[in-house]
Structure formats: structure tokens, C-alpha cells
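K.L.:
What follows is a predicted protein model with its sequence.
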Amino acid sequence: MKVKLITIFLVIALPSFGYLLWSIKDKQPAAVVAPEPAAKVVKTKKATKLPELPKEKWTYVDDLKSKQVEVGQYEVKNKGPYKMQCGSFRTRKQAESLKAKIAFTGLEAQVGKSVGSSSTWYKVYLGPYDKKRQAEKDKHKLKNNAIHACKIWGWD
């Protein structure tokens, strides 16, 4: 129903618009006559004296002129190294499968074995990274390759 209405509208509107453009192509614009200016009235203003500036309420303007900037020393403390864990599995086969998937992105992962009180876990991780920014860069690369479960931890 909508398609029929749009088609009918276009069939009528486009030729009408074309006819309108064709009919006005040879017409010349009417000459525009500007009104004649009235007699010029010249007004002279008296020279007025500007008022005096008000007295400044605040002292920050003068304080800023004499302000000295204190330069301090600071150190950037490196909190690293970091590691990025991308999975923890009960079987080594699952961990190796994820490691292979990560290898296809161009990164090298490792599988670590963690023995707990009740069972053994195989963790897939990347690192160590000196800076967290490097780990974030690799995490972004993994996300672009459909590996979303990675977390960045401090290296213990």
C-alpha cells in the first residue's frame, strides 16, 4: 500500500516539478526600483566624557601579577609488572585450545598449572608486561579477534 502511494506521488510530482522549471526558464526578473533617499539629516552629538572606572573590589588581579609558580619534583612509580589472564580451565586441553586461538592473533600465551585445595586449574595468561598500557593494547587486539574474557592483574 505504501509503495503504491509513493509511486503515484512520484509519478505526479516529478513531471509537475519539471514543467514548473521549464515554464520559468525564459522569464526575466522584474526590475527592482530602489526608493530615493530622503533628505539627509545630520545629527551632531555632544562629546561626552566617559565615566571613571570603578574601584576594583578584588585583589586577585594584583596577586596574579606577583604570583610565583612553585615547581615540585615527583616520581612516577611503576606498579608493574602485569599479566593478562584470559581463561582458567579444569582440563589442559581446553587451556591449550585457547592458547592456540590467541596464537592466531599474533600473541604468545602461556599455560600455568595451579593446584588448589580441591582441584587443579590450568590458567592461560600473557605477560609479563612492564606497563599496563602494553597489556591494554594486547587486550584490545584480543577483543578485536573475539577473545573477550581477559583481565589484567599485577604479577604475583
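P.N.:
Received the coordinates, thanks.

K.L.:
Mind exporting the C-alpha coordinates of the worst-scoring helix or strand of the chain on mean pLDDT to PDB?
P.N.:
Least confident element among the helices and strands of the chain, by mean pLDDT, DSSP states H and E: helix 60-65 (a mean of 82). The C-alpha atoms that make up helix 60-65 are tabulated as PDB, following Å, rounded to 0.1, in the frame of the first residue of the first chain:
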ATOM      1  CA  TYR A  60      43.300  38.700  42.700                       C
ATOM      2  CA  VAL A  61      44.400  40.900  39.800                       C
ATOM      3  CA  ASP A  62      47.400  42.300  41.700                       C
ATOM      4  CA  ASP A  63      48.000  38.900  43.300                       C
ATOM      5  CA  LEU A  64      48.300  37.300  39.900                       C
ATOM      6  CA  LYS A  65      50.900  39.800  38.800                       C
END
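
K.L.:
Show me the longest helix that occurs in the chain.
P.N.:
helix 2-24 (DSSP state H).

K.L.:
Pop out the phi and psi values for the residue most central in space within the chain.
P.N.:
Central residue of the chain (CA atoms, centre = their mean): H140, 15.8 Å from the mean position. Torsion angles at H140 (phi, psi; degrees, to the nearest 10) stand at phi -60, psi -40.

K.L.:
what's the answer for G127, then?
P.N.:
Dihedral angles for G127 - degrees, to the nearest 10 - are phi 130, psi -180.

K.L.:
per-residue confidence for it?
P.N.:
Listed pLDDT for G127 reads 90.

K.L.:
Kindly report the same for the one 10 residues further on.
P.N.:
At K137, the model reports a pLDDT of 96.

K.L.:
Could you confirm it falls within a helix?
P.N.:
Yes: counting by DSSP: H, G, I helix; E, B strand; the rest coil, K137 falls inside a helix.

K.L.:
any idea how far it is from N78?
P.N.:
17 Å (CB to CB, to the nearest Å). Using the backbone N, CA and C atoms, a C-beta is placed for each residue, glycine as well.

K.L.:
Strand partners (parallel or antiparallel) of whichever helix or strand comes after the least confident helix or strand of the chain?
P.N.:
As assigned by DSSP states H and E, the chain's next helix or strand after helix 60-65 is strand 82-89. Strand pairing for strand 82-89, determined by DSSP bridges: strand 120-129 (antiparallel), strand 151-154 (antiparallel).
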